[in-house]
Structures are given as C-alpha cells and as structure tokens.
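Chemist: sharing a model prediction with you, sequence too.
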Amino acid sequence: MSGINIRELFVSYGREIESFLMRRVGCRDTAADLTQDLFLRLMTLPQTHGVDNMRAYLYRAAANVAINHRIAESRRKARANSQPLDAVNTITPERILSDKDRLRVMAAALEDLPPLAKQVFTLIRIEGMKQADAAAHLKLHITTVEKNLSRAVRHCYMRVIEMEESPGFRREEPSR
C-alpha cells in the first residue's frame, strides 16, 4: 500500500477503530472480528494513492463495515423468522398497514437522497431499466450508476430497518 505499513496502522488505530465499531454493533467480539476483517481487506487493496488522511479513511471504511454487518444480521434474522409461503402471501389488515408504513418510509428515504442517486434508483428499481441502459440514458459511466444505486438501496434499506426496529412499528401477525 504505497509505503503504508498495515501493521503500523493497526497498532496506531486498531483499538480506536474497534471501539468505534463496538459502539456501532454493540458486541465486543463482533467489533474485534470486524476490525480484523477491515485491516485484512486493507492488505488486499491496490495502492492507496490520494488518501490524505488515513485515520478518516479508516473510520469511513469502519462505518461501511458496520452498515454491511447490520444489513447481513437483519437478513439472517429475517431468514430465521421467515414464515411459510402461504402466510407471506396472505393479505391481512395488519399486513396492509405494515406495508403502507414501509412504503411511506421508502418514499421519505428517496426524498433524502441526492438527486442523482434518486434518479438512478427510480430508473432501475421502479421503472425496471437495466443499469447499462440507465447509464446511457443519463450519459454516465456504468460505475457511477452502480455506486449511486448502491448508495440509494443501502440508504432506503437502512431506513426501513430502523422503522421496523422502532417500538411503534406494527408487525403483522403470522397466520397459521
């Protein structure tokens, strides 16, 4: 990594990053694992030319690791609590209310996005356009479209997760 010693970075910032992750994920062991993963990933990165503030870079990377961990945990919980297919497809008043709440949160989350991320999300996820077609339509490079779509999806997903974890959220009762 362009003259940067990973070992020195780990010695200098490892505990600090681990504490930061501990506050984000709420588990010391998980924070330690995520910290090690973060520094291992740094070893596999190509040159880091242009990184002026390595500490800020590490914190941004750690924040992303925490978000990815939270999303993965949410997916694991959802799979563990998954209902039979018949229960998922049953329309109930509770399901209608919870789906309306999710749609309301999604609409608000879309409004929070930067204009380009919102436009990319709308073209691809709502209108069903392929990423390459959206890039051509917007006269953007495909990686710009991919990054903006990723940002938008992550933002919307996190907002829905926050809503579902809030105490006032109406959970639909499984039909059996």
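Modeler: Perfect, thanks for sending it.

Chemist: from now on I want contacts and neighbour counts done on CA atoms only, so please keep to that.
Modeler: Will do.

Chemist: residue 110: neighbour count?
Modeler: 21 (other Cα atoms under 10 Å).

Chemist: element containing the residue positioned nearest the centre of the chain, please.
Modeler: Geometric centre of the chain, nearest residue: residue 154, 3.9 Å, by Cα atoms, centre = their mean. Assigned by DSSP states H and E, residue 154 belongs to helix 142-165.

Chemist: other SSEs contacting that helix?
Modeler: helix 93-112, helix 115-121, helix 131-138 (3 or more Cα pairs under 8 Å, 6 or more residues apart in numbering; DSSP states H and E).

Chemist: rank those helices by pLDDT, which is bottom?
Modeler: Mean pLDDT is lowest for helix 93-112 out of the helices and strands packed on helix 142-165, coming in at a mean of 85.

Chemist: angle of it against helix 142-165?
Modeler: Relative orientation of helix 93-112 and helix 142-165, computed by axes from the mean of the first three to the mean of the last three Cα atoms, to 10 degrees: 140 degrees.

Chemist: elements contacting helix 93-112?
Modeler: Packed against helix 93-112 by the contact rule (3+ Cα pairs under 8 Å, 6+ apart) you find helix 142-165.

Chemist: contact partners of the helix holding residue 154?
Modeler: Contacts to helix 142-165, defined as Cα atoms under 8 Å, 6 or more residues apart in numbering, come from residues 71, 74, 102, 105-106, 109-110, 113, 116-118, 120-121, 131-132, 134-135, 169, 171.

Chemist: and the buried ones among these, selectable in PyMOL?
Modeler: In PyMOL syntax, the buried subset of the contacts of helix 142-165 is picked out as below (16 or more other Cα atoms under 10 Å):
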select buried, resi 71+102+105+106+109+110+113+117+118+120+121+131+132+134+135
